[in-house]
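Asker: Turn this into a model:
(2 chains)
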Amino acid sequence: MDKVLYISTAGANLAMKAQQVHANNLANVSTPGFRRDFVSSLSVEMVGDGHDTRVMPKTRGLGSRFASGAMDTTGRALDVAIVGSGWFAVQGGDGNEAYTRAGQLKVDEEGNLLTAGGLPVMGDGGPLQLPDRQSVAIGADGTVSIVPAEGGNPVEVGQLKLVNPDIKDIAKDRDGLFRTIAGEALEADPEVRLRSGFLEGSNVNALEEMVSFLSLSRQFEAQMKLMKTAGDMASAGDRLIRDQ
Amino acid sequence: MNPALWVSKTGLAAQEKQMSIISNNLANVNTVGFKRDRANFEDLFYHIERQPGALADQDNELPAGLQLGTGVKMTGTQKVFTPGSYETTKQALDLAIIGNGFFQFTQPDGTLAFSRNGQFHLDGDGQIVNASGLPLEPGIIVPAETTGISISEDGIVMATIQGQAESEEIGQINIANFVNPAGLVAQGGNMYLQSAASGDPIEGAAGQGGLGVLKQYTLETSNVSSVEELVNMISAQRAYEMNSKVIAAADEMMQFVNQTL
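Answerer: Have a look, this model is predicted:
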């Protein structure tokens, strides 16, 4: 069989996989704190008998873009956005620490500070719990203060754990949260600043995603055309042999 | 099939729900005491084909894995309890809560319902009720000969009765608050019901224990900002369009495969 078929199959597969990534980015165009993913490919030369014509594409892996999303004012005290780089630490479903940029926080009936998805938000010493209160405020350095239920002056009740790892050391996990590649929890970074009453949007650039998607569609079509051509050539050869 | 089809489908579904939330907010832009809803989006799970940090060979680790996302989901809606704006009226029975708290009403089955809507009326017996006729809890009866009602910031209701020089205290309006108001169940009719997530109501006199104060001749309008909702609407609409465009493109690819090969 003509080896061109296998090369174009690999190309078409790669285009489809990359499209899923772009489709997922576009689907999350309004997910707060979402970090868009990208896929890159690598050419792998096949060595062996014959001419060295076969260079297969291979997905090199995927990463996330860490640029900040657009900030949106909400005026809600429990909406917090990180200015510049940095992450909120939360307790993932597996009990280990995970990191997110989504700052839509909420408090449940027991006073636990949770993310919108219901994961406990980490403070300086474990998940944060707020005592009975009239109101909550979050300061620029993550200090959480409350006005107690009986009134009076605001009291500090804890501090959000904010971290700022090298982006090379963290990666998106199955649940969409970021975790360290090494699997260890990070140290809090006192330099991270946040702003309450704001929410960071997704960093997906819809236009860019659409263009990538369309360009991948065309690449996919080109691969199909190649398969068709390979098929046509093979049948032309068959015809020649038959006719003799 | 092309996985992008299913991924974009989740995007369409989420934006469609977002649209219905926005339209409900806009429909209630003039509803007294209405609190707007907000959608919470989250990315769905990732399909990990290759773990970051996995070994590429004996000496080298892969710098990045290969995770393929599977779309978006709406994790829920959230009532946003920011205050609405306050509007002064000429009705003595228009009350607004400045700060935290809810008015309490007795439902026909005896349980309590809660509302920020302070447009009160009198029923045939002189009882203070809301627009749908539910009596305020604790109930207050206004005597028939009353010529004027004044309600203090802490909820004491005084009636000026014809023929009496001094006004008479006829009751006290208590308000209730919750540990987690966002956990209340919106029931329609401007009413909320308590749930396991909201906790039990903490009742008290207005102005005490963190409860807001009452303001007579005032109504709290809806906290929906029509400009904000319209902007949200445009962005939801565009996101919907883009997701549907992806479905169309993915479909064309499959069509091309079927026709070419």
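Asker: Closest to the centroid, which residue in chain A?
Answerer: residue A:35 (4.0 Å; C-alpha atoms, centre = their mean).
Asker: residues touching it, list them.
Answerer: Residue A:35 makes contact with A:64-66, A:101, A:172, A:178, A:203, according to C-beta atoms under 8 Å, 6 or more residues apart in numbering or on different chains. No exception for glycine: its C-beta is placed from N, CA and C like everyone else's.
Asker: Tabulate those (JSON lines), appending pLDDT, distance to residue A:5 and neighbour count.
Answerer: Shown next, in JSON lines, are the contacts of residue A:35 (pLDDT from 0 to 100; distance: C-beta to C-beta, whole Å; neighbours: other C-beta atoms under 10 Å in any protein chain shown):
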{"residue": "A:64", "pLDDT": "88", "distance to residue A:5": "34", "neighbour count": "19"}
{"residue": "A:65", "pLDDT": "90", "distance to residue A:5": "35", "neighbour count": "13"}
{"residue": "A:66", "pLDDT": "91", "distance to residue A:5": "39", "neighbour count": "14"}
{"residue": "A:101", "pLDDT": "94", "distance to residue A:5": "44", "neighbour count": "21"}
{"residue": "A:172", "pLDDT": "89", "distance to residue A:5": "34", "neighbour count": "24"}
{"residue": "A:178", "pLDDT": "93", "distance to residue A:5": "40", "neighbour count": "23"}
{"residue": "A:203", "pLDDT": "94", "distance to residue A:5": "39", "neighbour count": "20"}
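Asker: among those residues, which are within reach of chain B?
Answerer: residue A:172 (C-beta under 8 Å from any C-beta of the partner chain).
Asker: Closest residue of the stretch 101-250 of chain B to chain A?
Answerer: residue B:210 (3.4 Å; C-beta to the nearest C-beta).
Asker: That residue touches residue A:152, doesn't it?
Answerer: No. Applying C-beta atoms under 8 Å, one finds residue B:210 not in contact with residue A:152, separated by 10.1 Å.
Asker: What ranges does chain B have for its helices?
Answerer: Assigned by DSSP state H, the helices in chain B fall at B:3-27, B:226-260.
Asker: from the ones you listed, which stretch is densest packed?
Answerer: Most buried of the helices of chain B by mean neighbour count (mean count of other C-beta atoms under 10 Å in any protein chain shown) is helix B:3-27; its value is a mean of 20.
Asker: That helix vs chain A: in contact?
Answerer: Yes. For helix B:3-27, a contact with chain A is found by C-beta under 8 Å from any C-beta, at B:3-4, B:7-8, B:10-11, B:14-15, B:18.
Asker: Going by contacts, tell me the helices and strands next to that helix.
Answerer: If you count contacts as 3 or more C-beta pairs under 8 Å, 6 or more residues apart in numbering or on different chains; DSSP states H and E, helix B:3-27 packs onto helix A:4-27, strand B:37-43, strand B:72-79, helix B:226-260.
Asker: Which among those is found nearest to residue B:22?
Answerer: The closest of the helices and strands packed on helix B:3-27 to residue B:22 is helix B:226-260. By C-beta to C-beta, the value is 5.0 Å.
Asker: list the contacts for the spatially most central residue of chain B?
Answerer: The residue lying closest to the centre of chain B (C-alpha atoms, centre = their mean) is residue B:79, at 2.8 Å. When the contact criterion is C-beta under 8 Å, 6+ apart, the partners of residue B:79 are B:35-38, B:181-182, B:184, B:186.
Asker: Then residue B:204?
Answerer: Residue B:204 sits in contact with B:174-177, B:211, where contact means C-beta under 8 Å, 6+ apart.
Asker: switch to 6 Å and redo it
Answerer: Applying C-beta atoms under 6 Å, 6 or more residues apart in numbering or on different chains to residue B:204 gives the contacts residue B:211.
Asker: Okay, and the beta partners of it?
Answerer: Residue B:204 has these beta-bridge partners by DSSP bridges: residue B:175.
Asker: Then residue B:78?
Answerer: residue B:38.
Asker: and the stretch 151-261 of chain B, which of its residues are near chain A?
Answerer: B:179-180, B:182, B:197, B:199, B:210, B:239, B:242-243, B:246, B:249, B:253, B:256-257, B:260 (C-beta under 6 Å from any C-beta of the partner chain).
Asker: on that earlier part again, residue B:210 and residue A:152: who's more crowded?
Answerer: Set residue B:210 next to residue A:152 and count neighbours by other C-beta atoms under 10 Å in any protein chain shown: residue B:210 wins out with 20 against 9.
Asker: Listing partners with orientation, what would you give for the helix or strand of chain A at the bottom of the mean pLDDT ranking?
Answerer: One helix or strand of chain A scores below all others by mean pLDDT, DSSP states H and E: strand A:55-64, with a mean of 80. When pairs are called by DSSP bridges, strand A:55-64 turns out to pair with strand A:37-45 (antiparallel).
Asker: what comes into contact with the strand it pairs with?
Answerer: Against strand A:37-45 from outside (C-beta under 6 Å, 6+ apart): A:14, A:18, A:21, A:55-60, A:62, A:64.
Asker: Repeat the analysis, applying 7 Å as the threshold.
Answerer: A:14, A:17-18, A:21, A:24-25, A:52, A:55-60, A:62-65, A:172, B:67, B:69 (C-beta atoms under 7 Å, 6 or more residues apart in numbering or on different chains).
Asker: Report the angle between the longest helix seen in chain A and helix A:4-27.
Answerer: Ranked by residue count under DSSP H, the longest helix found in chain A is helix A:206-243. Between helix A:206-243 and helix A:4-27, the angle comes out at 160 degrees (axes from the mean of the first three to the mean of the last three C-alpha atoms, to 10 degrees).
Asker: any idea of the angle helix A:206-243 forms with helix B:3-27?
Answerer: Using the same axes, to 10 degrees: helix A:206-243 against helix B:3-27 is 150 degrees.
Asker: Does helix A:206-243 reach chain B?
Answerer: Yes. Counting by C-beta under 7 Å from any C-beta of the partner chain, chain B is contacted by helix A:206-243 at A:206, A:210, A:213-214, A:217, A:220-221, A:224-225, A:227-228.
Asker: Now the buried members of the residues you listed.
Answerer: Buried members of the residues of helix A:206-243 next to chain B, counted by 16 or more other C-beta atoms under 10 Å in any protein chain shown: A:206, A:210, A:213, A:217, A:220-221, A:224, A:227.
Asker: Can you tell me the number of residues neighbouring residue A:51?
Answerer: By other C-beta under 10 Å, the residues close to residue A:51 number 6.
Asker: and it, helix, strand or coil?
Answerer: coil (DSSP: H, G, I helix; E, B strand; the rest coil).
Asker: now swap in residue A:102 and tell me
Answerer: Applying three-state DSSP: residue A:102 is coil.
Asker: do you know how far residue B:191 is from residue A:106?
Answerer: According to C-beta to C-beta, to the nearest Å, residue B:191 stands 22 Å off from residue A:106.
Asker: ditto for residue B:24
Answerer: On the measure of C-beta to C-beta, residue B:24 and residue A:106 end up 20 Å apart.
Asker: show me the contacts for residue B:34.
Answerer: B:28, B:190, B:222, B:224.
Asker: mind checking pLDDT for it?
Answerer: In this prediction, residue B:34 carries a pLDDT score of 92.
Asker: which phi and psi does it have?
Answerer: Residue B:34 adopts backbone torsions of phi -70, psi 140, taken as degrees, to the nearest 10.
Asker: Having no further points to raise, I will conclude here.
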